[in-house]
Structure formats: structure tokens, C-alpha cells
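Student: Sharing a sequence plus its predicted fold:
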Amino acid sequence: MREIQARIDVIRAGAVYCELAFTNPPRLDASADAEIYLSMAGTFRWRSDVNWLTDELQPVIRIDGEDHPLGVFQIATMRDVFTPEGAHQISLTCYDRALRLKQTKAEQMLFLPAGTAYTTAIRQLLAGAGIALAVIAETAAVLPTAREWEIGTDYLAIVNDLLAEINYEPVWFDADGAAVAQPYADPDPATISRRYAPGEFSILRPGAEAELDAFAAPNVFIAICSNPDLPAPLVARAVNNNPLSALSVIRRGRRIPTVVHVDNIADQTALDAYAQRLASDSMMRSRTVRISTGVDAAHGRHAVIALSHPDLGGIYRETGWSMTLAPGAEMTHELQRLIIV
């Protein structure tokens with residue numbers, strides 16, 4: 001039997017300032033498809049010494065004596081609640097530090113000259129939003145042309161524009177509040193971060209499989225970047241020739257092309273990778289399952305999960321999770337398995 005406790009730390013100037021008691025157990029939600037990965041909502045006891053505008057909140061789950069942080073959150077909305085007994089409480093909705101990027105906007109035309117390293121530009125934008133902790137996979141890619149963004153464009157959109165141009169995942173924030181930027185990668189058994197099986201982490205709910213119409217699915221992909229600032233258009237082609245795929249040129253006996261236009265891309269290599277990603281994605285259909293387990297430490301965006309189950313076993317990519325910080329609570333997971341069709 002695991003011993004589980006939870007608390008909410010108030011973070012001020014990067015250090016724990018105090019503990020914030022909650023009156024209703026907070027709920028944490030993570031969604032890989034959301035613009036901001038992590039959110040938290042709950043009702044807490046009012047403290048006059050907490051700066052509700054600038055202090056941050058860090059939920060921590062303690063499992064068998066070991067602390068596991070679950071993210072660093074910014075307060076987005078707050079509502080005063082007064083009980084019939086006269087107790088002062090505060091209802092909060094919070095998001096991870098991506099909220100800083102969302103709320104920071106270009107106050108004048110934002111200009112990046114050609115030749116600027118993508119990672120340098122991204123770090124500068126993070127710093128401009130007051131984000132010092134970042135884990136960014138290095139790349140030698142530089143902007144092939146000068147770029148501009150209109151006044152009022154939020155930094156989260158700009159960072160994700162730049163990441164898309166080098167075939168990276170959108171930025172997200174980990175359990176310690178660090179910004180993470182890494183290349184897109186398909187689920188790989190070598191990167192499994194969690195294994196769930198019947199027992200202590202009992203699987204309580206099976207999931208369902210979704211069917212997708214694949215009759216008109218393309219198997220030839222042509223990606224074009226025809227930015228007028230480039231000396232010549234960039235073109236990349238990728239073909240689904242996988243004999244295991246029923247949609248491939250080999251299996252269908254015909255080519256079904258599609259053309260995708262992109263406004264900006266780092267270079268030919270990035271465009272080639274993007275076209276290949278389209279081809280790989282085209283031969284995949286997803287089986288989505290939802291399971292419940294005991295509460296666990298926070299998972300990274302698109303964590304790779306190994307599921308042991310007589311009907312649903314396999315390697316999955318986690319697309320979301322949620323938990324309530326209460327004794328005996330469960331953690332629910334939405335998992336996606338990619339299957340070649």
C-alpha cells in the first residue's frame with residue numbers, strides 16, 4: 001500500500017515561500033493538444049501574505065516519502081469565496097508558465113534578421129517573457145530570411161512558429177517549470193517512461209478504437225515553401241512506399257498526391273523532414289484508450305507508455321492526463337497507439 005500526500009507550495013523569487021492549504025482538492029489536467037499543456041483549478045484558504053498577482057504555485061505529490069513536483073503554475077483567474085461561517089477562501093484557475101509567453105506580446109514590430117539561429121531567437125523570446133529555465137535541443141539551423149511579426153503578436157505564437165520551421169514540437173513546460181523544446185519524434189520503445197499493468201496501478205476502464213475513412217488518403221506528399229524572400233522555391237517530396245501500409249503506392253498500385261504549402265522553413269533539410277513526417281503520419285491511424293491508475297508523478301508531453309493488458313497491450317503515446325490531489329484519488333490517462341494501415 002503506497003502512502004500518498006499532497007501539498008501546494010507558494011513559490012516566490014524561485015524559492016518556496018510557504019504552503020497554501022486547500023479546502024477542495026485541486027484538479028490538474030494535461031493535454032498535449034492544448035496551447036498551454038498544464039492547468040490546475042482548486043479552492044484554497046486565503047492568506048494575506050501571498051501575492052496573488054506575482055507568486056507562483058507548485059503542487060507536489062509525496063509518494064512513499066519521495067516528493068514529485070507536478071508543475072509550476074501562474075494564477076490566471078481568482079474569485080473570493082466566503083463560507084456561511086465567514087471563512088475567506090479563494091478559487092483559482094492556473095496555467096503553467098506558458099501563460100507568461102501567451103501574455104507577453106510584441107509591443108512594436110518584432111524583427112529577426114536572416115541568419116539568426118533559431119535556438120538563439122527562442123531563448124531571447126523566453127527571456128523576454130521572464131522565463132529563465134529552458135531545456136532546448138540544439139540545432140545549427142538559422143533563419144534563411146528576415147522575419148517580422150505584427151504588434152500584439154503573443155510570444156507563445158512566435159516561439160511555436162519558429163519551432164514548427166525546424167520540425168520541433170510546440171513548447172511545453174515540465175514538472176519543474178522549465179520550458180522544453182525538442183524535435184518531433186515518433187513513439188519509440190527505447191524511450192518508454194512508464195509501464196502500467198494490473199495490480200497496484202490497476203487498469204479500470206478499457207477504451208475504444210476509432211475508425212477513419214482512408215479511401216482518399218494520399219500516399220505522395222509534396223511540400224513547397226515559395227517565400228518570395230528565398231532565391232528559389234524549396235520543394236520536398238516523400239512517398240509512402242511501406243509494403244506494410246495498405247495505403248502505400250505499392251499496395252494500392254497508384255499514386256494519390258497532395259501538395260502542402262508552408263510560408264517559412266529553416267532549410268531544405270527541415271522541409272524534407274516535414275514531408276517525411278506527413279508521409280509517416282499518413283500511414284498511421286490511432287487507437288485511443290482511456291485508463292485509470294493510481295496517482296503518479298507528472299508525465300512529460302507525449303510520454304511513451306507501455307501498457308500490459310490482454311486486449312489493449314502495446315506501446316502508446318500519452319496525449320493527456322488528469323488527477324485530483326486527494327487521498328485515494330485516481331489518475332486518468334488518454335493514450336494513443338499508432339497503427340500502420
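Tutor: That came through, no problem.

Student: can we go C-alpha only for contacts and neighbour counts from here?
Tutor: OK.

Student: Tell me how this structure divides into domains.
Tutor: 4-96, 101-181, 189-210+285-340, 220-282 (automatic domain parsing).

Student: Let's have those domains in JSON lines, adding mean pLDDT.
Tutor: Converted to JSON lines, the domains of the chain look like this (pLDDT from 0 to 100):
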{"stretch": "domain 4-96", "mean pLDDT": "94"}
{"stretch": "domain 101-181", "mean pLDDT": "96"}
{"stretch": "domain 189-210+285-340", "mean pLDDT": "79"}
{"stretch": "domain 220-282", "mean pLDDT": "91"}
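
Student: and Asp96, backbone torsions?
Tutor: Backbone geometry at Asp96, expressed as degrees, to the nearest 10, gives phi -70, psi -180.

Student: so it makes contact with Ala41?
Tutor: No: at 11.7 Å, Asp96 does not count as touching Ala41 under the criterion of C-alpha atoms under 8 Å.

Student: of these two, who's got more company?
Tutor: Asp96 (27 against 21; other C-alpha atoms under 10 Å).

Student: Roughly how far does the more buried one sit from Val60?
Tutor: 14 Å (C-alpha to C-alpha, to the nearest Å).

Student: just Tyr95 next, same as before
Tutor: Tyr95 sits 15 Å away from Val60, going by C-alpha to C-alpha.

Student: How about Leu143?
Tutor: Distance, Leu143 to Val60, by C-alpha to C-alpha: 40 Å.

Student: Kindly report the same for Leu338.
Tutor: From Leu338 to Val60 the distance is 32 Å (C-alpha to C-alpha).

Student: One more: Ala217?
Tutor: Relative to Val60, Ala217 is positioned 45 Å away (C-alpha to C-alpha).

Student: who has more neighbours, the two?
Tutor: Val60 (22 against 14).

Student: Would you agree that one is in contact with Leu70?
Tutor: Yes: between Val60 and Leu70 there is a contact at 5.7 Å, judged by C-alpha under 8 Å.

Student: Would you map the strands across the stretch 201-341 of the chain?
Tutor: In the stretch 201-341 of the chain, the segments counted as strands under DSSP state E, counting those that start in this stretch are 208-209, 220-225, 234-239, 257-262, 284-294, 304-307, 314-324, 330-340.

Student: Take those strands and lay them out in TSV including distance to Val249.
Tutor: As requested, these are exported to TSV (distance: least, C-alpha to C-alpha, whole Å):
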stretch	distance to Val249
strand 208-209	26
strand 220-225	8
strand 234-239	8
strand 257-262	10
strand 284-294	15
strand 304-307	30
strand 314-324	27
strand 330-340	14
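
Student: For Lys105, find the nearest of those strands.
Tutor: Set against Lys105 and scored by C-alpha to C-alpha, those come closest in strand 257-262, at 23.9 Å.

Student: Other residues contacting that closest one?
Tutor: Here strand 257-262 makes contact (C-alpha atoms under 8 Å, 6 or more residues apart in numbering) with Pro218, Asn219, Val220, Phe221, Ile222, Ala223, Ile224, Cys225, Ser226.

Student: By neighbours, which of those wins?
Tutor: When neighbours are counted by other C-alpha under 10 Å, Asn219 leads the contacts of strand 257-262 with 26 neighbours.

Student: quick one, what contacts that residue?
Tutor: With C-alpha under 8 Å, 6+ apart, Asn219 has these contacts: Val239, Asn240, Leu247, Ser248, Val249, Arg255, Ile256, Pro257, Thr258, Ala279, Ser282.

Student: Distance of the residue sitting furthest away from the middle of the chain relative to Trp52?
Tutor: Distance to the chain centre peaks in the chain at Glu85, reaching 41.5 Å (criterion: C-alpha atoms, centre = their mean). Noted for Glu85: a distance of 24 Å to Trp52, by C-alpha to C-alpha.
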